[in-house]
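Student: Could you look at this predicted model? Sequence included:
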Amino acid sequence: MDLQLPDTVRRLAAGETFRFACHPGVACFTECCRELELALTPYDVLRLRRCLGLSADQFLDRYVVVEKEAAEPLPRLYLAMVDDGRASCPFVSPTGCTVYSDRPGACRIYPVGRAARLTAAGGCQALHVLLREPHCLGFAGSTSFSMAEWFADQELAAYNEANDQVMTILQHARIRSGMLLSAGQIERFLLALYDLDRFRVLVAGNEFPAAILLSDQERQVIATDDAMLLSFGIRWLRHELFGEITQVV
């Protein structure tokens, strides 16, 4: 994966280590929570709205901005920032993040960046970089991490797994070749990935044509398991958008 990187970004080798620590004692603490565009993945929304005790539609209504440009095939969802003159995250406080245990993947992974793409064989190839932005003083920390250690420390496995599943839609060959979705397809995209409460009701309905996609055992699991429901939603969308049929037995 060849990318032209800015001066503040360099490629991170698998075994390479770096020092980093972010805590209230760092002078720039919470500064990275302001004046930013934070894209939300489906798994980010799942974790955040569960942390806040909100339904999916409540979370989307209060905290999400949906953007869809005419030339883009798919909508993008961003966290709605507070209008305080600094575009602050709605979950930042003087003492830190109020949703820290369920913070988005982009917050967890920093100062590492991860770019992933589908391979011709259907696998996933990931490139990792280290972001050394001038304003960030976390690199003065004494704790050393390898990339694997950082991912484990920040509990990123579930986030990466879910995001890689979504990538099978975002980077599908038909999307890359210029496929534009209809209004109905965009509605189904948002429903299955971001509005899991309504999607669960739809799946549970007698008229939902899930026989070719959903085993009886999986149907029981997704009745209460949001992560499994999201995984099924991704599979269902691949059928709805691209005519692909896959089934978990």
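Tutor: Here it is on my side, so go on. None of the values given here were measured: they were computed from a predicted structure.

Student: make it CA atoms for all contacts and neighbour counts henceforth
Tutor: OK.

Student: what packs against the helix or strand containing S231?
Tutor: Taking DSSP states H and E as the criterion, S231 maps to helix 226-242. Counting contacts by 3 or more Cα pairs under 8 Å, 6 or more residues apart in numbering; DSSP states H and E, helix 226-242 packs against helix 42-52, helix 157-170, helix 183-194, helix 196-204, helix 216-222.

Student: wait, isn't G105 in contact with Y159?
Tutor: Yes. Look at G105 against Y159 with Cα atoms under 8 Å: they come within range, at 6.2 Å.

Student: quick one: common contacting residues for those two?
Tutor: D44 (Cα atoms under 8 Å, 6 or more residues apart in numbering).

Student: Could you check how far the helix or strand bottoming out on mean pLDDT in the chain is from the centre of its chain?
Tutor: Between all helices and strands in the chain, the lowest mean by mean pLDDT, DSSP states H and E belongs to helix 216-222, at a mean of 87. Relative to the mean C-alpha coordinate of its chain, helix 216-222 is positioned 24 Å out (Cα atoms, centre = their mean, to the nearest Å).

Student: How about it, which residues are buried there?
Tutor: By 16 or more other Cα atoms under 10 Å, the buried positions in helix 216-222 come out as E218, R219, I222.

Student: Name the nearest of those residues relative to F18.
Tutor: I222 (39.6 Å; Cα to Cα).

Student: List the contacts of the residue nearest to the spatial centre of the chain.
Tutor: Taking Cα atoms, centre = their mean as the criterion, T41 is the residue nearest the geometric centre of the chain, at 2.6 Å. Contacts here follow Cα under 8 Å, 6+ apart; on that basis T41 touches L77, N163.

Student: ok, back up a step: give me the helices and strands touching the least confident helix or strand of the chain, please.
Tutor: Applying 3+ Cα pairs under 8 Å, 6+ apart, one finds that helix 216-222 contacts helix 226-242.

Student: buried set for the helix it packs on?
Tutor: Residues of helix 226-242 classed as buried: 226-238, 241 (neighbour count, 16+ other Cα under 10 Å).

Student: quick one: it to chain centroid distance?
Tutor: So, by Cα atoms, centre = their mean, the centroid of helix 226-242 is 15 Å from its chain's centroid.

Student: any idea how this protein splits into domains?
Tutor: Domain segmentation of the chain under automatic domain parsing yields 9-170, 181-242.

Student: Least confident of those domains, on average?
Tutor: Lowest mean pLDDT within those: domain 181-242, a mean of 90.

Student: Surely L202 and L196 touch.
Tutor: No. With contacts counted by Cα under 8 Å, L202 stays clear of L196, the gap being 9.6 Å.

Student: got the angle between the helix holding S231 and helix 157-170?
Tutor: Between helix 226-242 and helix 157-170, the angle comes out at 10 degrees (axes from the mean of the first three to the mean of the last three Cα atoms, to 10 degrees).

Student: how far off helix 183-194 does helix 226-242 point, in degrees?
Tutor: Using the same axes, to 10 degrees: helix 226-242 against helix 183-194 is 160 degrees.
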